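Participant: Structure here, sequence nowhere to be found:
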């Protein structure tokens, strides 16, 4: 998964190996998220504590990694990428808080910790999710150097669309309606394109828009990449849910089967699911061809998404 | 409450009497909200039906009226005011859907209709609220004539801040924590300043920013006005909750007392609450002095908010 590139081969600055880049980006994100959330002591303190509990110190930060990787295409300023990445991660975190609630998936464990409604209470979990969604738009609409207002509007629109009823929330609604049904493969794909895919695609686009106004061919390539890794992410999630244990995953394994939810593994079987994940990784690589070497991090992330073990 | 102004006295266009202006604005808003929501048939259809159920055909549209009234100060283009008003109203509608849920206020009736979680189910109500919040930002971030990107960013930031943990959601959290407590008057005021006041203030500011970049003195005056009518709105709500019946209100009357929630009436008594509402109406009028005649609709709305019977 890591490619050791000789440091001296790079003209501008020595490129980090992927693992080191990933750790550096994750560490930087933790600090950025901390700065982008209201202080724990500010009123209402319990709400702010719970928001921070939901966001900080957890997760693989796949979406922020995508923002930063796409940012390398067009030299997106670090501060711009950080705000975009923090905003996307807050949307992701809010969706987990709401999805875990008793009226949705009713999950007690997330990232190895009690879920927000278990640790606090349901009303707080509801408000934490609501306030984190607002906070995402606060952060992305912040004044800041390095991005003009016209592009900032595009980024805000992309994030809002990816979050709403024709994006993540819509996928969640289709998912809810699908429990116990025999979804066809195209129906399952459509659901995941919205439920997890929309925000992953948006992460890629936001990272790139932070650098420059994108041309149609660039948007098309990045959307193709985002679609491929979005589906790959879900196929691998389903594979892991069927094959890994709860301790490795940090959440309840085998839950989809127990909940009678359709998955790639239940429809295609395990070997075909693994082949599909590999095909999607290749699709993702091919979509990046027009960007040449600058797309290295995006390629490495496609590999990570398919080869991850948790 | 209505002031009959002779039509011929106005140079530009004949000014409508307040009641006619209000009805015209409300009718226009219904059409604007209809356009700004995803079509009922688009997938996921049930979510979109429920979103429309939550927003359309209901409410006094106080926030849109404030947007349009403030828009008259600086000739905000109608299309810009409509997008801003639709966005604010969607935030308001989402907050009602979530507030009514069993884990919050557990209310079965809203605007004379079953609440969303009663008419649909809790999971749908959760997603309706989430998706309406996203939709508000989609609408406000839409490309459109009549407002430059820099002001659009300011408007997006104002709406997000008014919605989040230091605005509406924060007020809701304080409200939840205050049940059964003896709040002091300043504590009650602080709660309402966030819970309902933040969005009412934002409505005024958005309407004005839609016309031009505001000077500090203009912001200060509009914030003073927004704060006064925001508190007045809540004082009158408490008076009506204590004195009107459910049929008139379109929601359960006497609920605050039954829920043991602190109100202006429970702290100050009825006559002092009525005197406070009147004082706040005067404060609102005085804050508008710098705008002269152009603030007529804002003055009339302050009167409406204090003198309303439901």
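Facilitator: In hand now; what should we look at? Quick caveat, the model's predicted, so the values are computed rather than measured.
Participant: Would you map the strands across chain A?
Facilitator: Remark: strands assigned in chain A by DSSP state E are A:109-110, A:113-114.
Participant: out of these, deepest packed?
Facilitator: The highest mean neighbour count among these, using mean count of other C-beta atoms under 10 Å in any protein chain shown, belongs to strand A:109-110: a mean of 19. C-betas here are computed from N, CA, C, even on glycine.
Participant: where does chain A have low pLDDT?
Facilitator: Under the criterion pLDDT under 70, the flagged ranges of chain A are A:1-14, A:246-259.
Participant: related to what we said a few turns ago, can you list the strands of chain A in CSV and add distance to chain B?
Facilitator: Output for the strands of chain A, formatted as CSV (distance: least, C-beta to the nearest C-beta, whole Å):
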stretch, distance to chain B
strand A:109-110, 17
strand A:113-114, 17
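Participant: Of these, which is nearest residue B:103?
Facilitator: Ranking those by proximity to residue B:103 (C-beta to C-beta) places strand A:113-114 first, at 16.8 Å.
Participant: which residues in the stretch 201-310 of chain A form helices?
Facilitator: A:216-243, A:246-249, A:255-258, A:264-268, A:270-287, A:296-307 (DSSP state H, counting those that start in this stretch).
Participant: Relative to chain B, which of the ones you listed is closest?
Facilitator: With distances scored as C-beta to the nearest C-beta, the stretch of the helices of the stretch 201-310 of chain A nearest to chain B is helix A:216-243 (15.4 Å).
Participant: What residues of the closest one count as buried?
Facilitator: Within helix A:216-243, the residues that count as buried by 16 or more other C-beta atoms under 10 Å in any protein chain shown are A:218, A:221-222, A:224-242.
Participant: how close does residue A:134 get to residue B:157?
Facilitator: 11 Å (C-beta to C-beta, to the nearest Å).
Participant: And for residue A:158?
Facilitator: 17 Å.
Participant: Of the two, which one has the most company?
Facilitator: Comparing residue A:158 with residue B:157 by neighbour count (other C-beta atoms under 10 Å in any protein chain shown), the higher total belongs to residue A:158, at 23 against 18.
Participant: Can you pull the residues of the stretch 151-300 of chain A lying near chain B?
Facilitator: A:152-153, A:156-157, A:159-161, A:163-167, A:169-170, A:172-174, A:176-177 (C-beta under 8 Å from any C-beta of the partner chain).
Participant: among these, which are in helices?
Facilitator: A:152-153, A:156-157, A:159-161, A:163, A:169-170, A:172-174, A:176-177 (DSSP state H).
Participant: who touches the residue of the stretch 151-300 of chain A found nearest chain B in this structure?
Facilitator: For the stretch 151-300 of chain A, the residue closest to chain B is residue A:164, as judged by C-beta to the nearest C-beta, at 3.3 Å. With contact taken as C-beta atoms under 8 Å, 6 or more residues apart in numbering or on different chains, residue A:164 is in contact with A:170, B:131, B:134-135, B:138.
Participant: let's see it at 6 Å
Facilitator: The contact partners of residue A:164, taken as C-beta atoms under 6 Å, 6 or more residues apart in numbering or on different chains, are B:131, B:134-135, B:138.
Participant: Within reach of chain A, which of those are there?
Facilitator: Residues of the contacts of residue A:164 in contact with chain A (C-beta under 6 Å from any C-beta of the partner chain): B:131, B:134-135, B:138.
Participant: Who are the contact partners of residue A:136?
Facilitator: The contact partners of residue A:136, taken as C-beta under 6 Å, 6+ apart, are A:87, A:90-91.
Participant: repeat for residue A:227
Facilitator: No residues are in contact with residue A:227 under the rule C-beta under 6 Å, 6+ apart.
Participant: Apply 10 Å and report the result again.
Facilitator: Applying C-beta atoms under 10 Å, 6 or more residues apart in numbering or on different chains to residue A:227 gives the contacts A:189, A:193, A:197-198, A:200-201, A:204, A:280, A:283-284, A:287.
Participant: quick revisit: which one of the contacts of residue A:136 is nearest to residue A:41?
Facilitator: residue A:90 (19.7 Å).
Participant: Distance of the closest one relative to chain B?
Facilitator: 10 Å (C-beta to the nearest C-beta, to the nearest Å).
Participant: looking at it, that residue is touching residue A:130, isn't it?
Facilitator: No - between residue A:90 and residue A:130 there is no contact under C-beta atoms under 10 Å: 11.6 Å.
Participant: so what sits against both of those two?
Facilitator: Counting by C-beta under 10 Å, 6+ apart, nothing touches both residue A:90 and residue A:130.
Participant: Do I have it right that residue A:121 meets residue B:103?
Facilitator: Yes - applying C-beta under 10 Å, one finds residue A:121 in contact with residue B:103, separated by 7.7 Å.
Participant: Which one's more surrounded, these two?
Facilitator: For residue A:121 versus residue B:103, the count of surrounding residues by other C-beta under 10 Å is larger for residue B:103: 21 against 14.
Participant: Identify the residues contacting that one.
Facilitator: Neighbour list for residue B:103: A:101-103, A:117, A:121-127, B:117, B:122, B:126, B:176 [criterion: C-beta under 10 Å, 6+ apart].
Participant: ok so, going back, for residue A:74, state which of the contacts of residue A:164 is nearest.
Facilitator: Closest to residue A:74, out of all of the contacts of residue A:164 and judged by C-beta to C-beta, is residue B:138, at 24.9 Å.
Participant: ok, for the closest one, nearest residue in space, not its chain neighbours?
Facilitator: residue A:160 (4.3 Å; C-beta to C-beta, 6 or more residues apart in numbering or on different chains).
Participant: Please report the distance of that neighbour from residue B:304.
Facilitator: 32 Å.
Participant: Could you check which of those two is surrounded by more residues?
Facilitator: Set residue A:160 next to residue B:304 and count neighbours by other C-beta under 10 Å: residue A:160 wins out with 27 against 21.
Participant: my guess is the more buried one meets residue B:132, correct?
Facilitator: No - here residue A:160 does not reach residue B:132: they are 11.5 Å apart, not a contact under C-beta under 10 Å.
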